[in-house]
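[1] sequence and predicted structure are below.
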Amino acid sequence: VYASNFVEQKIETFNPNPKDVLYFKVEEKRPDVVNTEPGILKISTEPSGADIFINGTKIAEKTPFTGEFNNGSARVKLQKIKHETMDTLIVINGGQTTVLDVLMRSNETALLIKINSTPSGAEVALDGVSRGNTPAIFELDLTDASKRGSKPLRLTLADHDPISTTVDLRPSSSTLDLTYTLTKQIGAYRITSKPRGAQVFISGQYKGKTPLQGSLEVGNYKVDVKLEGYTTTDGIMQVGTESTTGLSFDMKKLPEIIRKLLSDMVLIDGGSYLMGCSPGDGECEDDEKPVHSVTVSSFKLLKYEVTQAQWRVVTGRDPSHFQDCDNCPVVQITWKDVESDFLPKLNDMTGRTFSLPTEAEWEYAARGGTTSRFYTGNCLSTNQANYDGNFPVSGCSKGEHRWKTIPVGSFLPNSFGLYDMLGNVGEMCSDWYEEYSESTALDPRGPYTGTHRVIRGGTFFWNASGCRVSNRSRIDGTPADIIGFRLVLR
């Protein structure tokens with residue numbers, strides 16, 4: 001029947017029940033001209049909330065729905081739980097609106113099934129028919145009596161033992177909700193190394209020493225193998241069920257100079273002290289105040305400053321200005337060079353986690369339990385440290401000025417067994433520079449951001465006052481002949 005601006009058609013072929021009728025309307029803007037514009041499709045159902053499939057693809061929205069589509073025919077399927085599916089072919093014309101208004105018939109013989117599993121993603125097969133992966137939600141039409149009763153259900157997931165069971169299928173107004181737990185399959189492994197006795201870490205957890213054997217859930221694992229004096233090595237272990245997984249490591253000795261570095265780490269027992277200007281020290285600057293109580297935990301500190309030879313072995317280069325002195329401290333480096341180049345390479349080589357000391361750790365270690373302006377007392381001679389001896393502190397004797405770095409360990413250590421904590425080169429700390437506060441602190445790390453890094457200990461170019469244990473300095477990203485560093489292990 002034609003009206004002024006739309007066509008109404010009555011269709012009864014899609015449904016065997018002649019009482020259930022589908023109506024759709026086409027509103028025509030220009031029926032006499034072919035229109036290349038998209039067409040509008042409006043779909044509504046009673047009841048609403050039906051899933052919509054257009055040309056086999058499920059769209060995100062449910063009924064009621066309105067959307068634009070290109071000209072042409074389209075297969076529309078509507079599904080709603082506990083209702084019969086509607087499936088029909090329509091024609092969408094450009095510049096026109098196609099309206100589907102569907103009364104969906106309830107299905108009293110349907111059964112809604114929900115199947116979940118831990119972990120999810122298991123493939124579901126019910127009565128030999130695949131039903132997707134968990135979490136799976138689907139509906140069965142049990143009109144046919146042969147589909148009812150006890151039916152086999154199987155869940156399968158890679159690297160897990162399958163689950164095989166049966167379920168009783170009968171029409172019901174309630175949902176059949178099923179949940180299963182799949183067990184990870186177990187496989188055997190064996191890890192060996194040359195030489196034997198290396199520590200084995202699987203996914204970061206210590207498991208024992210080589211040769212090591214055991215069992216794990218099927219899967220891939222990162223294995224790290226560490227042995228004192230040898231380069232840390234790692235690998236990926238793929239544990240399966242068919243046979244024992246074997247992993248063997250041929251470990252390489254660390255260079256002698258790095259082995260010595262490891263043996264030169266000195267344990268510093270933690271404790272509390274007053275950080276800042278030493279009592280009675282008239283040389284103190286404003287940034288050494290206020291004096292405040294600090295507690296540090298135990299740590300290990302390298303007894304010497306890092307040398308040119310050590311830097312060269314780790315990084316493959318030597319930027320130092322003072323050449324032909326392998327045992328002199330490395331200089332002409334920046335904080336970024338240490339953090340981004342030297343430390344990552346050294347840590348990867350040794351399997352340790354070296355870093356720069358904090359300012360609080362540095363002063364605690366430099367004092368060595370003393371409270372005087374130097375760990376040598378209130379005076380510092382050039383027989384005790386490398387600095388500009390022409391400028392001692394008031395009341396102390398002059399000494400020589402060497403004008404360059406000298407080999408580490410040239411003078412006696414402090415009471416903690418640490419060498420060259422004063423003079424030779426200023427030592428980088430991990431902290432950004434900031435003013436002190438009066439607050440008591442436990443293992444302070446300094447501010448999160450800043451423009452300059454802390455330098456402590458004085459240099460061969462500075463006067464004696466610059467080498468006091470409480471003296472603070474700072475540096476930006478510029479390399480210098482007077483700046484080096486030492487290492488900490490926590």
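    Perfect, thanks for sending it. The structure displayed is predicted, hence computed values, not measured ones. Numbers count the residues shown, from 1 in each chain.

[2] if you count neighbours, what's buried in the strand or helix carrying residue 87?
    Secondary structure assigned from DSSP states H and E places residue 87 in strand 86-92. By 16 or more other CB atoms under 10 Å, the buried positions in strand 86-92 come out as 86, 88, 90, 92. (Each C-beta comes from the backbone N, C-alpha and C, glycine too.)

[3] and for stretch 211-220?
    For stretch 211-220, burial by neighbour count (16+ other CB under 10 Å) applies to 212, 216, 218.

[4] ends of that stretch, what's the gap?
    When the termini of stretch 211-220 are compared using CA to CA, to the nearest Å, they are 20 Å apart.

[5] do the same with stretch 368-383
    Stretch 368-383: ends 19 Å apart by CA to CA.

[6] gap between that stretch and the chain center?
    Here the centre of stretch 368-383 is set off from its chain's centre by 45 Å, with CA atoms, centre = their mean, to the nearest Å.

[7] can you pull the buried residues of that stretch?
    So for stretch 368-383, counting by 16+ other CB under 10 Å, buried means 368, 370, 372-376, 378-382.

[8] between the residues you listed, which is nearest residue 350?
    residue 368 (26.7 Å; CB to CB).

[9] mind giving me the packing neighbours of the strand holding residue 87?
    strand 22-27, strand 39-46, strand 72-79, strand 97-103 (3 or more CB pairs under 8 Å, 6 or more residues apart in numbering; DSSP states H and E).

[10] list the contacts of residue 394.
    Going by CB atoms under 8 Å, 6 or more residues apart in numbering, residue 394 touches 282-283.

[11] need the per-residue pLDDT for it.
    You'll see residue 394 listed with a pLDDT of 92.

[12] that one: what secondary structure?
    Assigned with DSSP: H, G, I helix; E, B strand; the rest coil, residue 394 falls in the coil class.

[13] what separation do you get for it and residue 460?
    Residue 394 is 21 Å from residue 460, where distance means CB to CB, to the nearest Å.

[14] repeat for residue 157
    For residue 157, the distance to residue 460 equals 67 Å [CB to CB].

[15] the more surrounded of those two?
    residue 460 (24 against 19; other CB atoms under 10 Å).

[16] residue ranges with poor pLDDT in this protein?
    1-35 (pLDDT under 70).

[17] quick one on the thing from earlier: which one of the buried residues of stretch 368-383 is nearest residue 488?
    For the buried residues of stretch 368-383, the nearest to residue 488 is residue 368 (15.8 Å; CB to CB).

[18] residues in contact with the closest one?
    375, 414-416, 418, 421 are the contacts of residue 368 under CB under 8 Å, 6+ apart.

[19] hmm, try it at 6 Å
    375, 414-416 (CB atoms under 6 Å, 6 or more residues apart in numbering).

[20] circling back to that earlier point, so which of the helices and strands packed on strand 86-92 comes closest to residue 119?
    Across the helices and strands packed on strand 86-92, the minimum distance to residue 119, taken as CB to CB, is reached by strand 72-79, at 28.1 Å.

[21] packing partners of the closest one?
    Helices and strands touching strand 72-79, by 3 or more CB pairs under 6 Å, 6 or more residues apart in numbering; DSSP states H and E, are strand 51-54, strand 86-92.

[22] quick one: buried residues of that strand?
    74, 76-79.
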